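>>> Structure for this input, please:
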Amino acid sequence: MLQLPSNQSYVLSHAKELRIVIKPVEYPKEIAKDERGTLQGKTKAEYLGWTPERIICAYYFHDGPQFIGVIAPSSLPPLNQRDLFQKVLGMSRSQGKRYAVNGLCPEGMEPGTCSPFPSQSLVGKSIRDLLIYNSSELNQTPVDISIGGQGDLAQRTSVHIPYHGIHQILQKQFDNKVHLFS
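Now for the predicted structure:
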């Protein structure tokens with residue numbers, strides 16, 4: 001049974017209401033990690049026998065204390081946040097350039113455990129918006145996502161959820177803070 005902190009309880013309640021199946025997964029300690037101690041998407045895909053696009057990452061770009069989350073397959077080429085934020089959020093390119101990914105994570109996460117499902121108290125405050133890559137190919141397909149947390153167990157814990165379920169749950173909880181992009 002999946003246990004989440006109370007600030008992420010919306011995930012399970014919305015999943016139940018929307019009939020989205022969430023399956024917890026704990027990876028064995030023996031799986032190779034990178035030099036930072038994080039379990040990489042390619043390693044997860046190989047272990048599961050899945051294609052790399054089924055491993056979903058949450059990238060949190062920050063400008064000072066403010067974050068913008070970008071949720072996308074780990075196989076997607078590097079994102080140009082200036083163009084993406086201009087296209088999706090109407091942000092100027094110079095403003096978008098100030099946002100960077102450099103290991104700083106929202107509260108309750110660390111590199112390797114960044115989750116598409118942040119603490120509900122952060123969205124609209126330190127997390128400005130959440131952008132989700134729109135993939136019709138993955139829509140009904142189960143994907144692997146980190147669920148957040150800190151420490152060794154959090155690094156090895158994921159959930160499998162149909163890709164469209166990420167958007168549905170976030171949209172239901174955060175409405176106008178959630179945006180699709182392609």
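>>> and residue 152, how many neighbours does it have?
10 (other C-beta atoms under 10 Å). All C-beta spots, glycine's among them, are computed from the backbone N, C-alpha and C.
>>> Any figure for the gap between residue 25 and residue 15?
Distance, residue 25 to residue 15, by C-beta to C-beta, to the nearest Å: 15 Å.
>>> Looking at the two, which is more packed in?
Of the pair residue 25 and residue 15, residue 15 is the one with more neighbours under other C-beta under 10 Å, namely 19 against 16.
>>> Contacts for the top helix by length along the chain, please.
In the chain, taking DSSP state H as the definition, the longest helix is helix 163-174. The contact list for helix 163-174 (C-beta atoms under 8 Å, 6 or more residues apart in numbering) reads 10-11, 14-15, 17-18, 20, 22, 56, 71, 116-117, 120, 123-124, 130, 132, 135, 138-143, 145, 178, 180.
>>> export it as CSV, just CAs?
Presented in CSV, the C-alpha positions along helix 163-174 are these (Å, rounded to 0.1, in the frame of the first residue of the first chain):
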residue,chain,number,x,y,z
TYR,A,163,0.8,8.9,-18.2
HIS,A,164,-2.5,10.8,-18.7
GLY,A,165,-3.1,10.3,-15.0
ILE,A,166,-0.3,12.7,-14.0
HIS,A,167,-2.1,15.5,-15.9
GLN,A,168,-5.6,14.6,-14.7
ILE,A,169,-4.5,14.5,-11.0
LEU,A,170,-2.5,17.8,-11.2
GLN,A,171,-5.3,19.5,-13.2
LYS,A,172,-7.9,18.5,-10.7
GLN,A,173,-5.8,19.8,-7.8
PHE,A,174,-4.1,22.9,-9.2
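>>> Which of the residues in it are classified as buried?
Residues 163, 164, 165, 166, 167, 168, 169, 170, 171, 173, 174 are the ones in helix 163-174 that count as buried (16 or more other C-beta atoms under 10 Å).
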